[in-house]
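Colleague: need a structure here:
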Amino acid sequence: MSLIPETIIEEIRGRLDIVNIVSQYLEIKKVGRNYTGLCPFHAEKTPSFTVSPEKQIYHCFGCQSGGNLFTFIMQIEDLSFPEAVRFLGEKAGVKVEDRNFTAEEKKAFLLKEKMQDLLNTAKKYYEEMLVKDLRGKKAYSYLTGRKVNGEAMRAFGLGFAPDAWDGLRGKLQSLKMELELAYRVGVLGKKGSRFYDYFRGRIIFPIWDHHGRLTGFGGRLIDQGEPRYLNTPETPLFSKGKTLYGLHLALPHIRREKEAVLVEGYLDVILLHQHGIKTAVAPLGTSLTENHVSLLRGRLESITMVFDGDAGGEKAAMRGLELLKNEGCRVRVAELPEGMDPADYILQNGPEHFNKDILGRARSLVSHQLYSIRKGNSLQKEEDRLQYWRKARKILANLSEPLEKEEYLKKIAVEINQPLEVLRGDLEKSSLGSRRSPGNNRKVLPAPKNTKSSLRELAEKELLSSVLQDPILSEELWEKIDPDFFTPGPFREIACSMHDLYLEGQEADVSTILGNFSNQEMHTLITKMATPVRRGEDARARKRMNDCLKRLRVLQWTEERERLQKSIQEQAGIEEISATLRKLQDLKVREEELYRSVEGENVDG
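Modeller: Model (predicted):
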């Protein structure tokens with residue numbers, strides 16, 4: 001549970017509407033009482049993401065994510081709960097007071113603050129070396145020679161690390177800052193007990209996360225040597241596989257324009273931004289990873305990848321394309337003239353030509369893949385045409401959209417002068433063979449649970465769902481049972497939370513219940529239970545509740561009967577056995593009465 005006062009959380013919740021918050025990140029449309037749209041947390045082409053303004057919750061029927069507005073911000077902004085409260089507090093105009101930390105939390109918080117201070121001190125040192133120290137003259141000349149202007153240098157915090165072993169180290173020592181901590185955040189190296197400057201003789205590119213927090217640095221040599229580019233090593237604050245360079249500046253533009261331009265280098269990003277292409281970002285010397293994709297998920301509809309016109313750039317681009325396409329993005333690949341990078345092109349030709357001749361002529365992912373395997377192949381020989389088809393067939397086999405697959409089949413049929421039906425049949429046969437391949441992965445099914453336990457859990461879940469979907473039933477439910485009626489586990493925890501609200505004279509408000517749980521799995525479970533799967537399901541909530549209560553009583557009595565029957569075998573005295581038999585008879589009478597009441601309901605109709 002958060003240490004932020006509950007009154008603050010409730011005030012923020014009361015001032016904000018989840019529909020307004022969610023619509024800032026994705027397009028949602030009103031359908032009946034709810035709003036629906038494409039889920040920002042997984043790839044899909046048919047909307048399964050639902051927002052309920054009435055319950056102030058969201059739920060995805062595809063990936064099963066769900067929760068309230070705090071959960072949504074935690075997921076989409078990658079924030080902790082306290083950070084999400086502060087984030088939403090600013091939007092709501094509610095001041096979130098500093099909370100009381102535990103000793104362990106205070107220690108971790110102060111350590112993180114010290115790390116941030118060290119990084120900011122290092123950044124200021126590098127900036128001063130670039131513009132105020134004679135040793136930075138060559139680096140400054142290099143940047144101005146690449147036409148990076150002063151405004152862009154300041155916006156991206158560019159700096160210079162002199163070719164010395166003790167420049168930054170000496171600065172940190174003079175400020176009495178901890179050298180060991182500087183080593184832990186990656187600005188100093190260490191050999192034995194000796195600390196030294198990690199970056200030397202390099203132009204420095206500060207690296208921020210998507211929240212605008214400084215996490216590390218990249219460095220480019222201005223003289224000969226290896227490696228040409230060097231990043232901060234992995235630290236508690238920095239991971240290059242989880243960072244996109246320039247995203248902190250590009251994100252507002254990406255959200256507004258629903259698109260991004262992905263390039264390869266620091267200067268590509270800087271010069272594209274300088275020339276008005278503000279959606280440019282770049283991975284840090286790695287191919288695009290799932291973590292990179294998650295940073296963009298739900299924030300854009302299309303992305304154009306523009307990499308250097310060489311084999312390395314091409315290969316780097318292709319590794320991440322499928323990840324993005326699987327996210328439901330419209331992925332395009334733009335090709336640069338050989339030997340040029342985005343920075344070269346925009347400097348030589350200007351932003352208008354870059355937009356028109358590079359971005360404007362970008363190919364779709366599949367078109368680019370087919371173009372790549374055909375490049376340099378005249379298709380004059382039968383052997384060449386067959387080789388091209390075999391490679392193309394593998395690409396088409398991965399397409400899930402039948403219409404898209406058919407369109408590319410038609411184009412290829414014309415290219416290699418083959419009947420469409422022949423290619424279609426060969427593709428289907430190839431796909432079938434691939435699916436039957438013994439090497440395919442098979443899902444391992446979990447061992448079945450105890451049947452009675454599963455039946456009881458299903459009934460308990462359905463019982464709580466009926467009340468969550470129609471909170472007015474809360475009083476009726478808790479007049480008949482109490483939370484101990486549920487088996488220990490998540491359903492009893494939910495029942496206890498609902499029962500507490502009942503005792504306070506409140507209905508089972510889903511958003512309030514979610515506030516009692518910090519576990520994401522519980523948020524997902526509760527929102528799934530509170531969201532009707534079928535139309536009219538919530539209208540039948542009372543009947544569902546009563547049916548579940550009867551079903552649970554029957555299961556409870558069945559378990560009790562089996563326990564009593566087993567105990568008879570262990571009882572020796574006549575009186576003990578007689579008492580047990582009377583209990584069994586009493587259970588039988590109660591079951592018969594229950595069944596008669598069910599039959600009466602059925603007759604009444």
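Colleague: all helices of the stretch 451-600 of the chain, in order?
Modeller: 451-469, 474-478, 490-503, 510-514, 520-530, 541-568, 574-604 (DSSP state H, counting those that start in this stretch).
Colleague: now do the last one, average pLDDT.
Modeller: Spelled out, that is helix 574-604. Helix 574-604 carries an average pLDDT of 55.
Colleague: one more: the third one?
Modeller: The average pLDDT for helix 490-503 rounds to 89.
Colleague: per the record, what domains does the chain have?
Modeller: Listed by automatic domain parsing, the domain ranges of the chain are 6-92, 103-238, 242-365, 376-432, 452-604.
Colleague: in a markdown table, list those domains along with mean neighbour count.
Modeller: No exception for glycine: its C-beta is placed from N, CA and C like everyone else's. Shown next, in a markdown table, are the domains of the chain (neighbours: other CB atoms under 10 Å):
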| stretch | mean neighbour count |
| --- | --- |
| domain 6-92 | 18 |
| domain 103-238 | 17 |
| domain 242-365 | 19 |
| domain 376-432 | 14 |
| domain 452-604 | 16 |
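Colleague: and the ones you listed, which one is worst for confidence?
Modeller: Across the domains of the chain, the lowest-scoring stretch is domain 452-604, with a mean of 75.
Colleague: what's the burial count for Val366?
Modeller: Close neighbours of Val366, defined as other CB atoms under 10 Å, add up to 20.
Colleague: got the buried residues for whichever strand or helix holds it?
Modeller: For Val366, the element it lies in under DSSP states H and E is helix 365-374. Neighbour-count burial for helix 365-374 flags Leu365, Val366, His368, Gln369, Leu370, Ser372, Ile373, Arg374 (criterion: 16 or more other CB atoms under 10 Å).
Colleague: tell me the contacts of Ile412?
Modeller: Leu370, Trp389, Ala392, Leu396, Gln418, Leu423 (CB atoms under 8 Å, 6 or more residues apart in numbering).
Colleague: check contacts around the second one.
Modeller: By CB under 8 Å, 6+ apart, Trp389 lies in contact with Ile412, Ile416, Gln418, Leu423, Asp426.
Colleague: of these, which is the nearest to Lys138?
Modeller: Closest approach to Lys138 among those (CB to CB): Ile412, at 53.1 Å.
Colleague: next one: the closest one from Leu110, what distance?
Modeller: Here Ile412 is placed at a distance of 62 Å from Leu110 (CB to CB, to the nearest Å).
Colleague: using TSV, lay out the contacts of Trp389 together with distance to Gln24.
Modeller: Below are these laid out as TSV (distance: CB to CB, whole Å):
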residue	distance to Gln24
Ile412	42
Ile416	48
Gln418	50
Leu423	46
Asp426	48
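Colleague: mind putting those into a markdown table with secondary structure and distance to His275?
Modeller: Putting the contacts of Trp389 into a markdown table (DSSP: H, G, I helix; E, B strand; the rest coil; distance: CB to CB, whole Å) gives the following:
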| residue | secondary structure | distance to His275 |
| --- | --- | --- |
| Ile412 | helix | 38 |
| Ile416 | coil | 42 |
| Gln418 | coil | 46 |
| Leu423 | helix | 44 |
| Asp426 | helix | 47 |
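Colleague: for those residues, which one is nearest Ser518?
Modeller: Ile412 (53.0 Å).
Colleague: residue boundaries of the strands in the stretch 201-350 of the chain?
Modeller: Here the stretch 201-350 of the chain has its strands, by DSSP state E, counting those that start in this stretch, at 202-208, 214-221, 229-231, 244-245, 259-262, 280-283, 302-307, 330-335.
Colleague: again with the stretch 51-200 of the chain
Modeller: Counting by DSSP E, counting those that start in this stretch, the strands of the stretch 51-200 of the chain are 57-60, 66-67, 159-161, 188-191, 194-197.
Colleague: contacts for the second one, please.
Modeller: With contacts defined as CB under 8 Å, 6+ apart, strand 66-67 is touched by 57-60, 74-75, 514, 520, 523-524, 526-528, 531.
Colleague: and it, which strands flank it?
Modeller: Taking DSSP bridges as the criterion, strand 66-67 forms sheet pairs with strand 57-60 (antiparallel).
Colleague: do the last one as well
Modeller: Partner strands for strand 194-197, per DSSP bridges, with pairing direction: strand 188-191 (antiparallel).
Colleague: quick check: the spatially closest residue to Pro227 that is not a sequence neighbour vs Leu271, distance?
Modeller: Using CB to CB, 6 or more residues apart in numbering and skipping the chain neighbours, the partner closest in space to Pro227 is Leu221 (7.9 Å). Here Leu221 is placed at a distance of 19 Å from Leu271 (CB to CB).
Colleague: and if you look at His499?
Modeller: For His499, the distance to Leu271 - CB to CB - is 61 Å.
Colleague: ok, now Lys391?
Modeller: Lys391 sits 36 Å away from Leu271, going by CB to CB.
Colleague: Val333 too?
Modeller: Using CB to CB, one gets 20 Å for the distance from Val333 to Leu271.
Colleague: go on, Phe70?
Modeller: From Phe70 to Leu271 the distance is 39 Å (CB to CB).
Colleague: same check, this time on Arg330
Modeller: Taking CB to CB, one finds Arg330 at 25 Å from Leu271.
Colleague: touching, His42 and Gln75? I think so.
Modeller: No. Counting by CB atoms under 8 Å, His42 does not reach Gln75; the two are 11.2 Å apart.
Colleague: joint contacts of the two?
Modeller: With CB under 8 Å, 6+ apart as the test, His42 and Gln75 both reach Ser65.
Colleague: ok so, going back, among the contacts of strand 66-67, which pair sits farthest apart?
Modeller: Spanning the widest gap among the contacts of strand 66-67 are Met74 and Thr531, at 18.9 Å by CB to CB.
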